[in-house]
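Enquirer: Predicted model follows, preceded by the sequence.
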Amino acid sequence: MTETQTTFIMVKPDGVERDLADEIIGRFEGIGLRMLGRRDLTPPLELAQAHYAVHKERPFYPNLIDFITSGPVVAMAWQGEDAIAASRKLIGATNWEDAEPGTIRADYARSIDHNVIHGSDGEDTAAFELGLWFPDGLED
Ligand code: IDP
Ligand code: MG
């Protein structure tokens, strides 16, 4: 059974800096998902902290917050059949060295911390992240 889902995707500052956003958007279109919303912004500190609150006790958290607030990101909502798992598959493993060939991280990331893109990891996370980044809601 497939289910229509909406997931939160973000091209991180390294991806934007390297001008990868359009190419990445093409990959999501290529697997049949539809963009419901897009915001280009440099994440404010409080937003970054809320987004990554689950990692706040991890040793890499301070660097992660510095990185994600270091420049513009492209924050997006994408909808489609099994959008959450389909997106995670397209993105690849957190560590680019473990990412399947052809995934976004395998193709573009060369460090575990600067890994180009974020995607929600489950339904609860997606709902939380979409509410955080799109507080005014989304078109449907
Ligand atoms: P994910 O982005 O694949 O969901 P998470 O485990 O949720 O991975 O970690 C969030 C982000 O934190 C990663 O995308 C990466 O930027 C950073 N990160 C995760 N693990 C490490 C690490 O071991 N060292 C440095 N940065 C890390
Ligand atoms: Mg995660």
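Expert: That came through, no problem. Residues are numbered from 1 along each chain as shown. Ligands and ions are numbered 1, 2, ... in the order given.
Enquirer: CA atoms for contacts and neighbours, from now on please.
Expert: Fine.
Enquirer: My reading is that residue 5 is in a strand; is that accurate?
Expert: Yes - judged by DSSP: H, G, I helix; E, B strand; the rest coil, residue 5 forms part of a strand.
Enquirer: Next, the residue lying closest to residue 72 once chain neighbours are set aside: phi, psi?
Expert: Leaving aside its sequence neighbours, residue 72 sits nearest to residue 42 (Cα to Cα, 6 or more residues apart in numbering; 4.0 Å). Dihedral pair for residue 42: phi -90, psi 120, per degrees, to the nearest 10.
Enquirer: again with the one 5 residues further on
Expert: For residue 47, the backbone dihedrals are phi -70, psi -40 (criterion: degrees, to the nearest 10).
Enquirer: so who does it touch?
Expert: 132, 133 (Cα atoms under 8 Å, 6 or more residues apart in numbering).
Enquirer: now the one 5 residues further on
Expert: Remark: with contacts taken as Cα under 8 Å, 6+ apart, residue 52 is in contact with 61, 65.
Enquirer: Spell out which helix or strand contains the nearest residue to residue 51 once chain neighbours are set aside, please.
Expert: Nearest residue to residue 51 in three dimensions, chain neighbours excluded: residue 129, at 6.6 Å (Cα to Cα, 6+ apart). Counting by DSSP states H and E, the element that carries residue 129 is helix 123-133.
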